[in-house]
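S.K.: Structure of the sequence below:
(one chain, ligands or ions: 1)
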Amino acid sequence: MFVYLLKILLLLTLQNTDSMRTEMVNTQLINRGIKCELTLKAMSQVERHQFVPYNLQSFAYDDRPLPIGFNQTISQPYIVAYMTEQLQLKKDDKVLEIGTGSGYQAAVLAEIVKNVYTIEIVKPLGLQADSVLKMLDYENIHCKIGDGYHGWLKHAPYDAIIITASPEEVPKALFEQLAEGGRMIVPVELTHQQYLMLYTKKNNKIRSKKLLAVRFVPFTRSKK
Ligand code: SAH
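M.R.: Now for the predicted structure:
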């Protein structure tokens, strides 16, 4: 209890969220093997507390996912950093995210790359994320409400694609919208356990690599 009160006090004095982020980066990311400098810098810059419900802001830098309403969650900081690192992003990249949720992962990506396109199926979440991202001046993030199953053809191909909800199979359209040399990371449901799968496209062929066991909310489909 005392620790929580202390955290609330720290959050009230805004400049101290910097030190909370530094601690998060050191203990949760660097200590667990995240090395990519661009990822670490982005994670220390994005104000995670802006992306969680007001009553949970004091837990924003904790080592865990948090509920964001509508049965959805903002991922644990380590998982956000891990997925970002695996995408091997470069500054001119164009990235597609399926599952905007709170908008936090999109903001982390947008600190690194030129443009981020993100799709959210739950309208109020997508609208909320869009307004937070606008308030924080992320002009290089483009939000859309809809079913990400079909990707976002208009801006394809993408250098990297990230899905932050778990499908049983990766939608075919997303492989098609991945650029030559592109990387895609997806928490795929394989026989009762989800694994992060990394796909790379070379000479128009897809290679896959199984990474961590994870737990994400399900990938849903809009009703026709
Ligand atoms: N990246 C988010 C995590 C959100 S949780 C963050 O940083 O906060 C996953 C999100 O995927 C949920 O908001 C869920 O509504 C959304 N989602 C699930 N299926 C989807 C689909 N078919 N298209 C778009 N979004 C989807």
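
S.K.: And the strands in this structure?
M.R.: Secondary structure of the chain by DSSP state E: the strands cover 66-69, 72-74, 94-98, 115-120, 141-145, 158-163, 178-190, 193-202, 205-214.

S.K.: Tell me which of those strands sits nearest to the ligand.
M.R.: The minimum distance between the ligand and the strands of the chain falls on strand 72-74, with 3.9 Å, by C-beta to the nearest ligand atom. No exception for glycine: its C-beta is placed from N, CA and C like everyone else's.

S.K.: State the mean pLDDT of that closest one.
M.R.: Mean pLDDT, computed over strand 72-74, is 95.

S.K.: which secondary structure elements does that strand contact?
M.R.: If you count contacts as 3 or more C-beta pairs under 8 Å, 6 or more residues apart in numbering; DSSP states H and E, strand 72-74 packs onto strand 66-69.

S.K.: In the strand it packs on, which residues are buried?
M.R.: 66, 68 (16 or more other C-beta atoms under 10 Å).

S.K.: Quick one: neighbours of the nearest residue to residue 136 once chain neighbours are set aside, just the number.
M.R.: Once flanking residues are discounted, residue 136 sits nearest to residue 50: 6.3 Å by C-beta to C-beta, 6 or more residues apart in numbering. Residue 50 has 17 neighbouring residues, counting by other C-beta atoms under 10 Å.

S.K.: One more: residue 173?
M.R.: If you count neighbours by other C-beta under 10 Å, residue 173 ends up with 15.

S.K.: so where's this protein shaky on pLDDT?
M.R.: Scanning the chain for pLDDT under 70 picks out 6-15, 224.

S.K.: Near the ligand, which residues of it? Just list them.
M.R.: Taking C-beta under 6 Å from any ligand atom as the contact definition, the chain meets the ligand at 72-75, 98-99, 101-102, 104-105, 119-122, 125, 147-149, 164-165, 217, 219-221.
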